[in-house]
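S.K.: the following comprises the amino acid sequence and a computationally predicted model.
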Amino acid sequence: MIEIKNLHAFTEGKAILKGLTLRILPGEIHAIMGPNGAGKSTLAKVLAGDPSYEITDGEIWFKGQNILEMAPEERAHLGLFMSFQYPLEIPGISNFQFLLSCYNAKRKANGDVPVSDEQFQSILDEKMSLVEMRKEFSERSVNEGFSGGEKKRNEILQMAVLDPCLSILDETDSGLDIDAMRIVAQGVNRLMSPEKSLLLITHYQRLLDYIKPNIVHIIVEGKIVMSGGAELALELEDKGYETLLASRKQG
Amino acid sequence: MTTEQALKDKSDYKYGFSTPIETESFAKGLSEDTVRAISAKKNEPPFLLEFRLKAYKKWLEMEEPSWGHLKYSPIDYQDITYYSAPKKKQKLESLAEVDPEILRTFERLGVPLDEQMRLTNVAVDVVFDSVSLGTTFNKTLEEAGVVLCPISEAVHKYPELIEKYLGSVVPIGDNFFSALNSAVFSDGSFVYIPKGVRCPIELSTYFRINDKQSGQFERTLIIAEEGSYVSYLEGCTAPAYDNNQLHAAVVELVALDHAEIKYSTVQNWYSGNPETGEGGIYNFVTKRGRCQGFRSKICWTQVEAGAAITWKYPGCILQGDESVGEFYSVALTNGHMQADTGTKMIHLGKNTKSTIVSKGISADVSHNTYRGLVKIAPKAKKSRNYTQCDSMLVGDRCSANTFPYIEVANPSSQVEHEASTSKMNEQQLFYLQSRGLAREDAINMIVNGFCKDVIKELPLEFAAEAQKLLTLKLENSVG
């Protein structure tokens, strides 16, 4: 599904990703963990096409296409979705309007006829119940006045509406209480299928109790230094980064 | 190349008008003789000459206001020609003769083809029969009893009305620029709606004879008799260029009992060289409406997106009891533009109500200032004002300032003021793009969300074009 080869990324003159390589197959759930500043969020943003990062080397192949040449909206139309760690507010535009525009933009890009407001209402109702969001949220301005948890749920709602092949969740669990995290995780799980892939970027093992990864990677200083199964995350929680990496070096 | 640049390169270019030799214009400079000569040229009745002379004398005593948050090189008032015989613009054969850059802008703005032809002064009878359109329109107005004609014509046809109302809303000595305008005004619109008539069509400068160049010192007067209604549209979204740098227009509106006037403006004057800011239009306009009658209403809506310097405060004098004044505005500045604009709501009568919604967008190194006055006089019992003043900053080199003046002399009144500031930046655009929206659509969405409360008050034909205009102006400014 996605193949990242030797990726180098800079921002504000600093090198963040220094040769990151990663491969995710359809149906797989990967988790990336690592200390602060290691490049976890950077990876997510670079995959989505954040213009504040400069790619100096490496390749990203998504569904057989070189997406480094593509604008963010083109990557979205191809089926890539990134849930922001800090979702932005768009005052004056309702969730409904926003989601409808994005939904139709994708349909147009794929040669489909856009849906009407009424048609979309039923689609949205279904998706909102999937992520257990109350109906009033569709009329509110996007993320304006939303609590942290509500913003994250809104991100998952967008994911539900856009139906991507690869979803990258950037620290979706940060700022969420247990209940909110459970709801978000449930929503994500409901959206998964054997054709879809998921990349979870997280600090804590907690989320991985609800969304079970196939593979866990540890990123340090812009590179993936260790990969393993789900139990790696548990080991990490037990030992911490320093100890774990040191012991692996020796062992 | 942007439209502005294309226009700058052809400094004589005025939509295909090649500079003719001016056969009938005065030498530059302004003196009492100039004023007399202007009046004589137009064959005006004595009361109007008196009006002009009084204004000129007053102007000599006044000083150009300097309190505005504006910087510009001094205007030499002696370096202006104060009278030119109305020149007819040369007709073009077809759109093929128009600068392609201008046509491209029209397309981006979604301007319909026949409108494009009118704006570029293509001889419309060649391809499209608009003569009949104009005739039908005039007939409709005539049947309703609505008068729409140039002020120079109204002076001769309806001198009593002119004598009664001219200068009654914006007195001669109101400000430096209105005094100047009152002395040397060239022409403008006169609108009269008789009692009980609801003007059947939206009047726009579309239907004014458009083959003459617009004047520097335009004067407009709209009178709505008891129980009447009119909606008037001024300006257009297409970039407008003029040799004359100073524009000092005056617009006066009078609404009698139960009458309503809606005055909408879309302005996109040339704002100067994108790099240096030089050469743009200075737009110093005085617009005011008097809600003279009981339950009268005046609503100003505007989208200001051009001119190098904008200085205007369309306001309402709420004289009649239960009268209503409204002001909905989007003012966008980019490049080196400067705007010091806002409104004045003066509550004199009882139970009067005013609403102000001002949206300022600044980008690049421009300066956007909102200046508003809400004044509640001692006798204006139970009056109410609601003001919402929002600024959006695009990029990090522009500025937005707000100077609200609130003067309340009546204790039973209610005044509310809300203000907010937000930024439009690359991250917001990236967020929307990452959800599948193209960059232009993303800008459009953010700007529309911001300006929604104002756009929905614009007449439909302006609303769509205005939204596109705002997006167009901001495209290169984000980042």
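M.R.: Yep, that arrived. Numbering: from 1, shown residues only, chains lettered A, B, ... in the order given.
S.K.: near chain A, which residues of chain B show up?
M.R.: Remark: the part of chain B in contact with chain A comprises B:422, B:426-428, B:430-439, B:441, B:445-446, B:448-453, B:479, using Cβ under 8 Å from any Cβ of the partner chain. To be clear about C-beta, it is placed using only N, CA and C from the backbone, and glycine gets the same treatment.
S.K.: now restrict the residues you listed to buried residues only.
M.R.: Using 16 or more other Cβ atoms under 10 Å in any protein chain shown as the burial test, the residues of chain B next to chain A include B:422, B:428, B:430-439, B:441, B:445-446, B:448-452 as buried.
S.K.: element containing the closest residue to chain B within the stretch 151-251 of chain A, please.
M.R.: Each residue of the stretch 151-251 of chain A has a distance to chain B, by Cβ to the nearest Cβ, and the smallest belongs to A:Gln158, at 6.2 Å. Assigned by DSSP states H and E, A:Gln158 belongs to helix A:148-162.
S.K.: output that helix as PDB - backbone C-alpha positions only.
M.R.: Written as PDB, here are the backbone C-alpha positions of helix A:148-162 (Å, rounded to 0.1, in the frame of the first residue of the first chain):
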ATOM      1  CA  GLY A 148      -9.900  18.500  22.700                       C
ATOM      2  CA  GLY A 149     -11.800  15.200  22.700                       C
ATOM      3  CA  GLU A 150     -14.500  16.600  20.400                       C
ATOM      4  CA  LYS A 151     -11.800  17.800  17.900                       C
ATOM      5  CA  LYS A 152     -10.300  14.300  17.800                       C
ATOM      6  CA  ARG A 153     -13.700  12.700  17.300                       C
ATOM      7  CA  ASN A 154     -14.300  15.200  14.500                       C
ATOM      8  CA  GLU A 155     -11.100  14.000  12.800                       C
ATOM      9  CA  ILE A 156     -12.300  10.400  12.900                       C
ATOM     10  CA  LEU A 157     -15.700  11.600  11.600                       C
ATOM     11  CA  GLN A 158     -13.800  13.100   8.600                       C
ATOM     12  CA  MET A 159     -12.000   9.800   8.200                       C
ATOM     13  CA  ALA A 160     -15.400   8.000   8.200                       C
ATOM     14  CA  VAL A 161     -16.800  10.300   5.500                       C
ATOM     15  CA  LEU A 162     -13.700  10.300   3.300                       C
END
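S.K.: pull out the buried positions in that helix.
M.R.: If you call a residue buried by 16+ other Cβ under 10 Å, then helix A:148-162 has these buried ones: A:149-162.
S.K.: picking up where we left off before, now the residue of the stretch 151-251 of chain A closest to chain B: closest residue in space that isn't a chain neighbour?
M.R.: Closest residue in space to A:Gln158, ignoring its immediate chain neighbours: B:Arg435 at 6.2 Å, by Cβ to Cβ, 6 or more residues apart in numbering or on different chains.
S.K.: am I right that that neighbour falls within a helix?
M.R.: No: using DSSP: H, G, I helix; E, B strand; the rest coil, the assignment for B:Arg435 is coil, not a helix.
S.K.: still on that earlier bit, just the ones in strands from the residues of chain B next to chain A, please.
M.R.: Among the residues of chain B next to chain A, the members falling in strands (DSSP state E) are B:Ser422.
S.K.: just the strands from the stretch 151-251 of chain A, written as ranges.
M.R.: A:166-170, A:197-201, A:215-220, A:223-228 (DSSP state E, counting those that start in this stretch).
S.K.: export these to CSV and tack on mean pLDDT, distance to chain B and mean neighbour count?
M.R.: What follows is those, written out as CSV (pLDDT from 0 to 100; distance: least, Cβ to the nearest Cβ, whole Å; neighbours: other Cβ atoms under 10 Å in any protein chain shown):
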stretch, mean pLDDT, distance to chain B, mean neighbour count
strand A:166-170, 94, 10, 25
strand A:197-201, 94, 15, 24
strand A:215-220, 91, 21, 21
strand A:223-228, 89, 23, 16
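S.K.: check the offset of the helix or strand harbouring B:Leu470 from the chain's centre.
M.R.: Element membership of B:Leu470 [criterion: DSSP H and E] is helix B:460-474. With Cα atoms, centre = their mean, to the nearest Å as the basis, the distance from the averaged C-alpha position of helix B:460-474 to the chain average is 16 Å.
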